[in-house]
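Colleague: fold the following.
(chains A and B)
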Number of protein chains: 2
Amino acid sequence: MMSVLRSNRLVAAVLIDITGVLYESGSKEAIPGSIEALKRLKQSSIPFKFVTNETQNTREGLVDKLSAFGYEGLITPDDIFAPAPACREYMQKEGLHRPHLLVHPKCLPEFEGFFDLTSEEKDCVIVGDAAEEFSYENVNKAFQTLLSMKQPRLLSLGYGKYYKENGQLVIDLGAYAKALEFSTGLTAEVIGKPSQKYFQTALSLIGVPSSEAVMIGDDIVSDVGAAQKYGLSGILVKTGKFRPGRDECHPEVKPDVIVDNFLSAISIILDHNARNSNS
Amino acid sequence: MMSVLRSNRLVAAVLIDITGVLYESGSKEAIPGSIEALKRLKQSSIPFKFVTNETQNTREGLVDKLSAFGYEGLITPDDIFAPAPACREYMQKEGLHRPHLLVHPKCLPEFEGFFDLTSEEKDCVIVGDAAEEFSYENVNKAFQTLLSMKQPRLLSLGYGKYYKENGQLVIDLGAYAKALEFSTGLTAEVIGKPSQKYFQTALSLIGVPSSEAVMIGDDIVSDVGAAQKYGLSGILVKTGKFRPGRDECHPEVKPDVIVDNFLSAISIILDHNARNSNS
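Modeller: Numbering: from 1, shown residues only, chains lettered A, B, ... in the order given. This next block holds a predicted model:
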């Protein structure tokens, strides 16, 4: 059997989306097979990182949540690459210290204590997945804050179109970043998937080139397409926000493989490595 | 003195934006000189229409509001060309009968009684300037409704970036139309400025070609630029949402004339006609 991945080189790193791969948003348990998949991946000693756009929780909060779903002892905060900590590093590098935050209340601890949140004079606006906090008042306040700045900077923690929650697709923060871009004429600086730089930074933590890495996710554009553009293989799972009948014939993205779930994805990777290390 | 308008032909029709030209949003009185300007225009017998993107009020409500500002007896509902009535005609023509409405409560009477608003199965989503009604819940509901439709149609009552209210720029419905376009992959059908068709329909009511018409407004893109693209002369007033230091050097739109206010605009038009009818 020929490999379904793009080269015969051994897979040296696996990047994994969390929501829709480890668990369904709104559900209280793991997707069947996903815990087993993670155990098998850890046994294989292939390095991995969870590359998420989650901004409704801290990494510590995410680990607690996943533990309750059955992943206890399998995931540490350091395994997770998330937009908010990446944004903090980016802001330090760019000399940004006084953000206006349009984020979820659970995301506030990622910024409190690190930056001056009380100054009237802001130097950037940060958009996260604020969900219910995306009121007209809050969106308008972010718009007006951008207009008031001498050198307006709009930072977006991801750029997704939609995600799945409680069995339904819901609009994602990318729509709000787009709305602010439209009305201000600015271009958002995206920290999160689908930014190439985001994948680059995650892989640099493992020290593996993109050609030897695989991304597993449920978002055909933001996970699979974006990773492929950066040179990774992209595996789409049919869980989470996968849209049957649409994603298989997506006009722009053709995944290397489409599989039923995370367990199938890991099986393919481990088979691939076993076959190619023997040959 | 040479004419500042684009040809020496007599101005045969004047299209006028309302908010920011007749009154400042949030103010309780007319912009100084604007009542006088309208009186002079009416005395001149040049046909005119108010071409507005107002969707926070019916035409009758607008007339009442303007009357209270000092325009009593000068404006009738028939003088006003507004998106909601134009949308009704468009929907009839397109065979759309079951809209999902994301509009301001004051805009509801424009649709109630005309269409079936209770059916579960919608055939279009209409976005107006919903303002406070642009909650995350309502925006998400519009998104999900579009996803649920077999042949999704997104109708946007205008496509503005921002407008001025109580002395501040506020984000306009175009941002929300853009957000829904982004997350659904649809393209909005715009009924209102800056749609070429909107100007065309307004002028067809007067029966004057675009080359003999002038548009007066405070929005450099949606009023002036859009009218110019359709062949009208475009006069920008320095009231309303005019942005000093920016609009004069706009990267894409160069108004035929930039004037202090509506009264200056009417003076220029009447002078132009007087000079050219004598020559």
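
Colleague: just the helices from chain A, written as ranges.
Modeller: Assigned by DSSP state H, chain A shows helices spanning A:34-44, A:59-66, A:83-94, A:136-148, A:173-184, A:196-206, A:226-229, A:262-278.

Colleague: closest one to B:Val125 among the ones you listed?
Modeller: If you check each of those against B:Val125 by CB to CB, helix A:173-184 wins as the nearest, at 14.0 Å. Any C-beta I mention is one placed from the backbone N, CA and C, and that applies to glycine too.

Colleague: can I get the CA coordinates of the closest one in PDB?
Modeller: Output of helix A:173-184 as PDB, limited to C-alpha atoms (Å, rounded to 0.1, in the frame of the first residue of the first chain):
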ATOM      1  CA  LEU A 173     -14.200  35.600  15.600                       C
ATOM      2  CA  GLY A 174     -12.900  35.900  12.000                       C
ATOM      3  CA  ALA A 175     -16.200  37.500  11.100                       C
ATOM      4  CA  TYR A 176     -15.700  40.200  13.700                       C
ATOM      5  CA  ALA A 177     -12.100  40.700  12.700                       C
ATOM      6  CA  LYS A 178     -13.300  41.100   9.100                       C
ATOM      7  CA  ALA A 179     -16.000  43.600  10.200                       C
ATOM      8  CA  LEU A 180     -13.400  45.700  12.000                       C
ATOM      9  CA  GLU A 181     -11.000  45.500   9.000                       C
ATOM     10  CA  PHE A 182     -13.900  46.600   6.700                       C
ATOM     11  CA  SER A 183     -14.900  49.600   8.700                       C
ATOM     12  CA  THR A 184     -11.500  50.900   9.700                       C
END
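
Colleague: in chain A, what secondary structure element scores lowest on mean pLDDT?
Modeller: When each helix and strand of chain A is scored by mean pLDDT, DSSP states H and E, strand A:162-165 comes last, with a mean of 89.

Colleague: anything in that one near chain B?
Modeller: Yes. Strand A:162-165 comes into contact with chain B (CB under 8 Å from any CB of the partner chain), by way of A:Tyr162.

Colleague: tell me which strands that strand pairs with, and in which orientation.
Modeller: The pairing partners recorded for strand A:162-165 under DSSP bridges are strand A:168-171 (antiparallel).

Colleague: and the strand it pairs with, how far from the chain's centre?
Modeller: Distance of strand A:168-171 from its chain centroid, counting by CA atoms, centre = their mean, to the nearest Å, is 16 Å.

Colleague: number of residues surrounding the nearest residue to A:Gly26 once chain neighbours are set aside?
Modeller: Sequence neighbours aside, A:Asn166 is the residue nearest to A:Gly26 in space, at 3.4 Å (criterion: CB to CB, 6 or more residues apart in numbering or on different chains). Neighbour count for A:Asn166, taken as other CB atoms under 10 Å in any protein chain shown: 9.

Colleague: how about the closest residue to A:Asn273 other than its chain neighbours, phi and psi?
Modeller: The shortest distance from A:Asn273 to any non-neighbouring residue, by CB to CB, 6+ apart, is to A:Leu10 (5.1 Å). Phi and psi for A:Leu10, reported as degrees, to the nearest 10, are phi -70, psi 140.

Colleague: what distance do you get for A:Leu10 to B:Val257?
Modeller: 69 Å (CB to CB, to the nearest Å).

Colleague: go on, A:Gly158?
Modeller: 45 Å.

Colleague: ok, these two, which is more surrounded?
Modeller: A side-by-side neighbour count of A:Gly158 and B:Val257, using other CB under 10 Å, places A:Gly158 first with 27 against 21.

Colleague: I'd say the more buried one and A:Ala82 touch.
Modeller: No. With contacts counted by CB atoms under 8 Å, A:Gly158 stays clear of A:Ala82, the gap being 9.8 Å.

Colleague: joint contacts of those two?
Modeller: Common contacts of A:Gly158 and A:Ala82, defined by CB atoms under 8 Å, 6 or more residues apart in numbering or on different chains, comprise A:53, A:55.

Colleague: what's in contact with stretch A:59-75?
Modeller: By CB under 8 Å, 6+ apart, the residues outside stretch A:59-75 that reach it are A:18, A:22-23, A:28-30, A:35, A:38-39, A:42, A:50, A:52, A:54, A:57, A:76-77, A:80, A:82, A:85, A:106.
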